[in-house]
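Asks: Dropping a prediction and its sequence here:
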Amino acid sequence: MASYVGTVVSAVSSLILWSQVGWLAARSQEWWLWVALTATGSGVLFSAYTTYRRQRRLSPAVRTSVEQ
């Protein structure tokens, strides 16, 4: 759950920073946009991985094949 919240927060901050890219560039601070975009991408990958692991762990087919 926390990975989803963090991903949404970083996505929203990316959108806000994207709308202010001119202001950031004038102050040589456009790297903040790249930080937010990287955090969003990492959050998406981490959320996908944790969802995959959770589904695999809860799947009865995997449990029976491991036990045999």
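Replies: Sure, I can see it.
Asks: Against which helices or strands is the strand or helix carrying Tyr52 packed?
Replies: Using DSSP states H and E, Tyr52 maps to helix 31-58. If contacts are counted by 3 or more C-beta pairs under 8 Å, 6 or more residues apart in numbering; DSSP states H and E, helix 31-58 sits against helix 2-19, helix 21-26. Backbone N, C-alpha and C define where each C-beta goes, glycine included.
Asks: One more pass at 10 Å, please.
Replies: Packed against helix 31-58 by the contact rule (3 or more C-beta pairs under 10 Å, 6 or more residues apart in numbering; DSSP states H and E) you find helix 2-19, helix 21-26, helix 60-67.
Asks: Buried residues, stretch 48-63. List them.
Replies: Buried residues in stretch 48-63, counted by 16 or more other C-beta atoms under 10 Å: none are found.
Asks: when you give positions from now on, start the count at 93
Replies: Renumbered: residue one is now 93, and that last one reads stretch 140-155.
Asks: which residues sit against it?
Replies: For stretch 140-155, contacts defined as C-beta atoms under 10 Å, 6 or more residues apart in numbering pick out Met93, Ala94, Ser95, Tyr96, Ser157.
Asks: What mean pLDDT does that stretch get?
Replies: Mean pLDDT, stretch 140-155: 82.
Asks: Please state the offset of that stretch from the chain centre?
Replies: 19 Å (C-alpha atoms, centre = their mean, to the nearest Å).
Asks: Please export the C-alpha coordinates of it as PDB.
Replies: The C-alpha trace of stretch 140-155 is given here as PDB (Å, rounded to 0.1, in the frame of the first residue of the first chain):
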ATOM      1  CA  ALA A 140       4.500  -4.000 -10.100                       C
ATOM      2  CA  TYR A 141       7.100  -6.200  -8.500                       C
ATOM      3  CA  THR A 142       5.400  -6.300  -5.100                       C
ATOM      4  CA  THR A 143       2.000  -7.000  -6.700                       C
ATOM      5  CA  TYR A 144       3.500  -9.900  -8.700                       C
ATOM      6  CA  ARG A 145       5.200 -11.300  -5.500                       C
ATOM      7  CA  ARG A 146       2.000 -11.000  -3.500                       C
ATOM      8  CA  GLN A 147      -0.100 -12.700  -6.200                       C
ATOM      9  CA  ARG A 148       2.500 -15.500  -6.500                       C
ATOM     10  CA  ARG A 149       2.600 -16.000  -2.800                       C
ATOM     11  CA  LEU A 150      -1.200 -16.200  -2.400                       C
ATOM     12  CA  SER A 151      -1.700 -18.500  -5.400                       C
ATOM     13  CA  PRO A 152      -2.700 -22.000  -4.400                       C
ATOM     14  CA  ALA A 153      -1.100 -23.600  -7.500                       C
ATOM     15  CA  VAL A 154       2.300 -22.300  -6.600                       C
ATOM     16  CA  ARG A 155       1.900 -23.500  -3.000                       C
END
